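*Asks:* Output the structure for:
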Amino acid sequence: MNANPIPASDFVANVKYGFKHFLTFRGRSTRPQFWWYFLALCIIDTVFKTVGNLCVGTIDIDVEELNTTTDILQTLWSELPLGFIIITIVQLVIGIIFSFSLLAATVRRLHDAGHSASLAYINMILYIIMYAGFFAMLLNMDKFLPVIASYPQQGQESSAIAFFAGCCAVLALIGSVALILSIIVLVFLLKPSEPRDNKYGPCIN
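*Replies:* As a prediction, the model looks like this:
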């Protein structure tokens, strides 16, 4: 990676540096290189989402007539305009690519501050597990809701309620750990560069 310093105030040059090393997980990145690139990704993501929302009109579906989560998802999929589906898929793909690119920039920034990137990897894995768990629960909500609704009349705890409560507790714990790790990583990202070469690469200040 290029060890030549880039002026901290040069937005364009720092963003170009970020895109040049779009998925580079080795080397170092200074605070300006990371935060200007982070701002650029946020702006691009906001533009894509805004354009997508403007290109798609309102969707008129009577959710009250649908009985289960599966019915709702199937009806939404059948009633959604093709343009909305395409835009959503594009946004999803861009979001995934940007997430990995931001992870790469985070790894380089941690290296620049003299820290291992292990926390960043663990943190991302925890968030993936948490969101996947919530999505899985959402897809199976039609199985839990009838049992939960009838719980006062049952007079005893059912296995379904126990399983649902256990899943919520586990996901809440994972989310709490991920939040704490996010704060720690953020503190490391705000630290200045090590003023010397380290095992991750040469000093670029």
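*Asks:* Just checking, which helix or strand of the protein averages the lowest pLDDT?
*Replies:* Using mean pLDDT, DSSP states H and E, the weakest-scoring helix or strand in the chain turns out to be helix 151-154, at a mean of 53.
*Asks:* Tell me the helix or strand right after that one.
*Replies:* helix 159-190 (DSSP states H and E).
*Asks:* So which elements touch that following helix?
*Replies:* Applying 3 or more Cβ pairs under 8 Å, 6 or more residues apart in numbering; DSSP states H and E, one finds that helix 159-190 makes contact with helix 31-55, helix 82-112, helix 118-139, helix 141-149. To be clear about C-beta, it is placed using only N, CA and C from the backbone, and glycine gets the same treatment.
*Asks:* Pull up the distance across stretch 111-118, start to finish.
*Replies:* 11 Å (Cα to Cα, to the nearest Å).
*Asks:* Report pLDDT for K49.
*Replies:* If you check K49, the pLDDT there is 79.
*Asks:* Determine the number of other residues adjacent to it.
*Replies:* 14 (other Cβ atoms under 10 Å).
*Asks:* just checking, it touches V90?
*Replies:* No: using Cβ atoms under 8 Å, K49 makes no contact with V90, being 10.6 Å away.
*Asks:* still on that earlier bit, output the helices and strands packed on helix 159-190 as a markdown table; include the columns distance to V187.
*Replies:* As requested, the helices and strands packed on helix 159-190 are arranged in a markdown table below (distance: least, Cβ to Cβ, whole Å):
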| stretch | distance to V187 |
| --- | --- |
| helix 31-55 | 13 |
| helix 82-112 | 11 |
| helix 118-139 | 10 |
| helix 141-149 | 37 |
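*Asks:* can you tell me which of those comes nearest to H21?
*Replies:* Among those, helix 82-112 comes nearest to H21, with 7.1 Å by Cβ to Cβ.
*Asks:* Name the residues of that closest one that are buried.
*Replies:* In terms of neighbour count (16 or more other Cβ atoms under 10 Å), helix 82-112 has its buried residues at 84, 87, 91, 98, 101-112.
*Asks:* Among the residues you listed, find the lowest-pLDDT one for me.
*Replies:* Ranked by pLDDT, those bottom out at F84 (70).
*Asks:* Next one: it from W35, what distance?
*Replies:* According to Cβ to Cβ, to the nearest Å, F84 and W35 sit 33 Å apart.
*Asks:* list the contacts for L190?
*Replies:* R31 (Cβ atoms under 8 Å, 6 or more residues apart in numbering).
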